[in-house]
Every structure is written in C-alpha cells, then in structure tokens.
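J.: Following is a predicted model, sequence given first.
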Amino acid sequence: EVQLVESGGGLVQAGGSLRLSCAASGFTFDDYAIGWFRQAPGKEREGVSCISSSDGSTYYADSVKGRFTISSDNAKNTVYLQMNSLKPEDTAVYYCAARHYGSPSYDYWGQGTRVTVSS
C-alpha cells in the first residue's frame, strides 16, 4: 500500500521555524520526485518545493526561496521541508506528493499537515 505521511506541522509565531517530514512507503522511492504543496483557506493549492530523489535537484517557489529548504534522506524514504522565517501568509495545510519521473502529474498524495503562523 502506497503511503505518504506528513508530520511536523503546528502553531508557530512569525519569524519562527518548523520542519515538516514526509515519510514514504509502498513504492520505489528513488524513482519518484517528491513535492510539497500548500493550500491556504479560500485559496488554490500551490506548489512550494520539490526534490528529485535521484539527483537531488530542487525547486522552490519564489514566495519561499531563501526561507525554506527541502532535503531527502533516501535511506529513510523521507523528505523534509525546513521552514525558517515563517510569515503569517505561510499559514496553510501542507501536503507532500510523489511523481514518477515518467508521469506528467503527481501520482500519490499525503493527507496533509496544518501549519499556522501567528503574527
């Protein structure tokens, strides 16, 4: 059974930090890129960051560049999103997703973890 399980969300003050984890199982981790997405209340889901588990290449949305860092521990089949200098506008439910390199879209999604940044 494919599973993506996010953890690490919570309530933090503006300027603070959180580290999200995405633990993957049930598929060949090295064959997938892992992405982080977020959806704020009343807004569309947006891509935040992604990482290629094969070569470590990364992508960041402009809104998080310089503040968030994505990393992958292939031995643990886990991807992390270190979020620093958090802002109230980072408040959202954060989801991780897995996309096979041959797939045009993300194949598997986690259930999400809520991040709330207070001002």
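T.: Okay, I see it.
J.: my read: residue 50 touches residue 22, true?
T.: No - counting by CB atoms under 8 Å, residue 50 sits too far from residue 22 to count as a contact (11.1 Å). Where you see a C-beta, it was placed from the backbone N, CA and C, and this is true even at glycine.
J.: Common neighbours of the two, please.
T.: Residues touching both residue 50 and residue 22 (CB atoms under 8 Å, 6 or more residues apart in numbering): 34, 36.
J.: out of those two, which sits in the busier spot?
T.: residue 22 (26 against 22; other CB atoms under 10 Å).
J.: Report the contact partners of that one.
T.: With the criterion set at CB under 8 Å, 6+ apart, residue 22 makes contact with 4-6, 34, 36, 78-81, 96, 110.
J.: Now it: which helix or strand?
T.: For residue 22, the host element (DSSP states H and E) is strand 18-25.
J.: Each with direction, which strands does that strand pair with?
T.: strand 3-7 (antiparallel), strand 78-83 (antiparallel) (DSSP bridges).
J.: Give the buried residues for it.
T.: 18, 20-24 (16 or more other CB atoms under 10 Å).
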